[in-house]
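Peer 1: sequence and predicted structure, then a few things I'm wondering about:
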Amino acid sequence: MKNFEYFEPTTLAEASRLFAQEHAQLLAGGTDLVIGMKAYTETPQSVISLQNIPGLDDVTTYSDGSITIGAMTKVREVELSEDIQEHHTALAEGASEIGSIQIRNLATIGGNIAHASPAADTVAGLLVADAQVGIASAEGERTVPIDELFTGPGQTVLKAGEIITQFRLPNPASGSHYIKHKIREVMDLAFIGVASAINLDNGTITDAKIGLAAVAPTPIRATEAENLLKGKEPTDELLQQAGEAAAAATSPISDLRCSAEHRKEMVDVLTRRTLQHALDRARG
């Protein structure tokens, strides 16, 4: 590990000014950064810890059912939060898929998203929650929809000095579900991640969201599949059509773990499965 300067700011403005410098890195949970520094794949000249900035690890539930999750909230807390489990089940399920319990007790949801991996386990759940990403810098604050945050693998719209501060989940779903398709049972990256969320009213789907991870350069919403579902009563044929439409929205790659063709096939299958689970939960 190369020598570096270490800072512990107590305000976002101070952290932003430090982070805007060249070759600076933020330290949240450290599960990616510290490993990278030890392996010399990350060689920052300065490291800025966010641990001492108040309010970044709060989870707040409002009377309308919306939830705000601070970016420094541990993944394990997201997994175990009763409010998140009830209103945004897919997100809690995605959090439970990250690494081991030890890793989830260190890793933060903000770090998981800022890393901008197309295969991040929390991202599909945030997509179907319509999450709004709070961003702060020395110049002020702004909000970006989660589906507009990513520009490519490892890349986001964040500008120099900008820091993710929170995720606001405005729309509780009647039911949602996440499935991670992987090779190993534990401690494995998703080679497909699918989340679905459904709202029902008198047996009719009033809203549907489908989030896909690891099947395109960035995490995506399957909007055509969602539109197929809205305003209709769920049937096996309708879910099959939605699965096919979701698969058509993807542009996966072939690698050592899985072919692009198989990934598309599994998006179809897993979309139908997550939709069925979400429907079952919505019906109570």
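Peer 2: Thanks, I have it. Just so it is clear, the structure is predicted and the values come from calculations on it, not from any experiment. Numbering: from 1, shown residues only.
Peer 1: which residue lies nearest the spatial centre of this structure?
Peer 2: Per C-alpha atoms, centre = their mean, the C-alpha nearest to the average position across the chain is that of Val123, at 1.7 Å.
Peer 1: who does the residue nearest to Glu77 when sequence neighbours are not counted bridge with?
Peer 2: The spatially closest residue to Glu77, leaving aside those adjacent along the chain, is Val59, at 6.6 Å (C-beta to C-beta, 6 or more residues apart in numbering). Heads up, the C-betas are built off the backbone N, CA and C, glycines and all. With DSSP bridges as the criterion, the beta-bridge partners of Val59 are Ile69.
Peer 1: does Val59 touch Gln85 like I think?
Peer 2: No - taking C-beta atoms under 8 Å as the contact criterion, Val59 and Gln85 are not neighbours in contact, 11.8 Å apart.
Peer 1: show me how this structure divides into domains.
Peer 2: Described in terms of automatic domain parsing, the domain architecture of the chain consists of the residue ranges 5-49, 59-169, 175-283.
Peer 1: let's have those in JSON lines, adding mean pLDDT.
Peer 2: Supplementary listing: these in JSON lines, determined by pLDDT from 0 to 100:
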{"stretch": "domain 5-49", "mean pLDDT": "92"}
{"stretch": "domain 59-169", "mean pLDDT": "96"}
{"stretch": "domain 175-283", "mean pLDDT": "93"}
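Peer 1: list the residues that contact Gly175.
Peer 2: By C-beta atoms under 8 Å, 6 or more residues apart in numbering, the contact list for Gly175 reads Thr89, Ala197, Ile198, Leu200, His277, Ala278, Leu279, Asp280, Arg281, Ala282, Arg283.
Peer 1: and Gly134, that one's in a strand?
Peer 2: Yes - the assignment for Gly134 is a strand, going by DSSP: H, G, I helix; E, B strand; the rest coil.
Peer 1: tell me, how many residues neighbour it?
Peer 2: With neighbours defined by other C-beta atoms under 10 Å, the count for Gly134 comes to 20.
Peer 1: is it bridged to anything, and to what?
Peer 2: Note on Gly134: beta-bridge partners by DSSP bridges are Thr143, Gln166.
Peer 1: does it really touch Ile164, like I thought?
Peer 2: Yes - the criterion here is C-beta under 8 Å, and Gly134 meets it with Ile164 at 7.1 Å.
Peer 1: list the contacts for Arg168?
Peer 2: By C-beta under 8 Å, 6+ apart, the contact list for Arg168 reads Ser66, Ile67, Thr68, Ile69, Ala131, Gln132, Gly134, Thr143.
Peer 1: what about burial for the residues you listed, which qualify?
Peer 2: Ser66, Ile67, Thr68, Ile69, Ala131, Gln132, Gly134 (16 or more other C-beta atoms under 10 Å).
Peer 1: so the second one sits against Glu82, correct?
Peer 2: Which is Ile67. No - at 11.0 Å, Ile67 and Glu82 do not qualify as touching, with contact defined as C-beta under 8 Å.
Peer 1: contacting residues around Tyr178?
Peer 2: 89-91, 93-94, 97, 121, 124-125, 193-195, 274.
Peer 1: quick revisit: same list, the buried ones among the contacts of Arg168, but as TSV with distance to Leu106 please.
Peer 2: Output for these, formatted as TSV (distance: C-beta to C-beta, whole Å):
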residue	distance to Leu106
Ser66	27
Ile67	22
Thr68	22
Ile69	17
Ala131	22
Gln132	26
Gly134	22
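Peer 1: now for the nearest residue in space to the residue nearest to the centre of the chain that is not next to it in sequence, how many residues are close by?
Peer 2: What sits nearest to Val123 in space, not counting adjacent residues and going by C-beta to C-beta, 6+ apart, is Pro219, at 4.4 Å. The burial metric for Pro219, expressed as a neighbour count using other C-beta under 10 Å, is 27.
Peer 1: ok, Thr61 next?
Peer 2: 18.
Peer 1: quick one: the residue nearest to it when sequence neighbours are not counted from Gly203, how far?
Peer 2: If the residues on either side of it in the chain are set aside, Thr61 comes closest to Asp83, at 4.5 Å by C-beta to C-beta, 6+ apart. Shown here: Asp83 relative to Gly203, a distance of 27 Å by C-beta to C-beta, to the nearest Å.
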